[in-house]
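Asks: After the sequence you'll find the predicted model.
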Amino acid sequence: LVPETNYSFKIRGVNKTGPSDWASITEKTGKNPLEYAIHNISAEASAAPEEGMGIDKMFDFDEGDDWHTSYDAKAVPFDVVIDLNSVNELDKLQYLPRISGRNGIITQARIYYSPDKNSWTEAGEVNWSRDNKTKEYRFENHPLARYIKIAVEAAAGNFGSGRELYIFKVPGSESYLPGDINNDH
């Protein structure tokens with residue numbers, strides 16, 4: 001459904017005694033919660049993935065698939081280096097753990113950002129509970145960056161996993177493509 005759009009529905013119940021009369025309902029969808037989430041992100045992890053469960057699954061806007069490090073090796077500690085493929089004023093990130101709430105859920109990490117993937121500035125650390133609830137980290141002072149590094153220090157079972165990792169830019173801010181000298185995107 002399209003965000004902030006009115007939709008009309010007709011519904012009725014049907015049971016063993018037959019159908020009810022039709023009822024009309026009109027509702028408006030809410031704002032898109034991912035409106036300022038950055039698309040076309042690429043990433044690499046220093047821990048090998050399980051076959052078919054690469055780190056790209058964390059950035060595909062599909063909450064139905066998972067990333068998981070190799071089942072055959074301890075992964076922690078490991079780094080995930082994220083290339084936003086554009087320079088952005090960072091607002092927050094949201095980590096969606098596996099629904100099962102089991103192995104690989106990241107519980108402790110340090111977060112860094114960089115304009116060039118060479119010089120890193122520590123943004124802060126996270127200490128998240130081991131459950132399947134969405135985790136969030138907010139960037140203080142909205143730094144301008146192209147790269148983010150998550151240095152994972154602890155995760156359930158010493159693996160890494162997750163459904164999605166959304167990186168949000170400051171609402172209303174523009175993404176800048178490196179090398180776009182005429183700013184035509």
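Replies: Sure, I can see it.
Asks: buried stuff in the longest strand along the chain?
Replies: Secondary structure of the chain per DSSP state E: the longest strand is strand 78-96. Applying a neighbour-count criterion of 16 or more other CB atoms under 10 Å, one finds 78, 80-82, 84-96 buried in strand 78-96. For the C-beta atoms, the positions are set from N, CA and C on the backbone; glycine is no exception.
Asks: Tell me what angle the helix or strand hosting L165 forms with strand 78-96.
Replies: Taking DSSP states H and E as the criterion, L165 maps to strand 164-169. Interaxial angle, strand 164-169 versus strand 78-96 (axes from the mean of the first three to the mean of the last three CA atoms, to 10 degrees): 80 degrees.
Asks: For strand 164-169, name the packing helices and strands.
Replies: With contacts defined as 3 or more CB pairs under 8 Å, 6 or more residues apart in numbering; DSSP states H and E, strand 164-169 has these neighbours: strand 78-96.
Asks: Which pLDDT does the model give the nearest residue to E122 once chain neighbours are set aside?
Replies: Among residues not flanking E122 along the chain, Y112 sits closest, at 5.4 Å (CB to CB, 6 or more residues apart in numbering). pLDDT recorded at Y112 is 98.
Asks: Bridging across strands, which residues link to E164?
Replies: L96 (DSSP bridges).
Asks: List the buried residues in stretch 149-165.
Replies: Buried, per 16+ other CB under 10 Å, within stretch 149-165: 149-153, 155-165.
Asks: quick revisit: which residues touch the strand holding L165?
Replies: Residues outside strand 164-169 that contact it (CB atoms under 8 Å, 6 or more residues apart in numbering): 34, 36-38, 41, 58-63, 82, 84, 88-96, 148, 175.
Asks: Show me how far that strand is from its chain's centre.
Replies: Chain-centre distance of strand 164-169: 4 Å, with CA atoms, centre = their mean, to the nearest Å.
Asks: Convert the longest strand of the chain to CSV, retaining C-alpha atoms only.
Replies: Output of strand 78-96 as CSV, limited to C-alpha atoms (Å, rounded to 0.1, in the frame of the first residue of the first chain):
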residue,chain,number,x,y,z
PHE,A,78,34.2,-9.4,13.8
ASP,A,79,33.5,-6.2,11.9
VAL,A,80,30.8,-5.2,9.5
VAL,A,81,31.9,-2.3,7.2
ILE,A,82,29.0,-0.6,5.5
ASP,A,83,29.3,1.5,2.3
LEU,A,84,26.3,3.9,2.0
ASN,A,85,27.5,4.6,-1.6
SER,A,86,26.6,8.2,-0.8
VAL,A,87,27.5,10.8,1.8
ASN,A,88,24.7,11.3,4.3
GLU,A,89,23.9,13.2,7.5
LEU,A,90,23.4,10.2,9.8
ASP,A,91,20.3,10.0,12.1
LYS,A,92,20.0,6.5,13.4
LEU,A,93,20.3,2.8,12.6
GLN,A,94,17.8,0.0,13.3
TYR,A,95,18.9,-3.6,13.7
LEU,A,96,16.3,-6.3,13.2
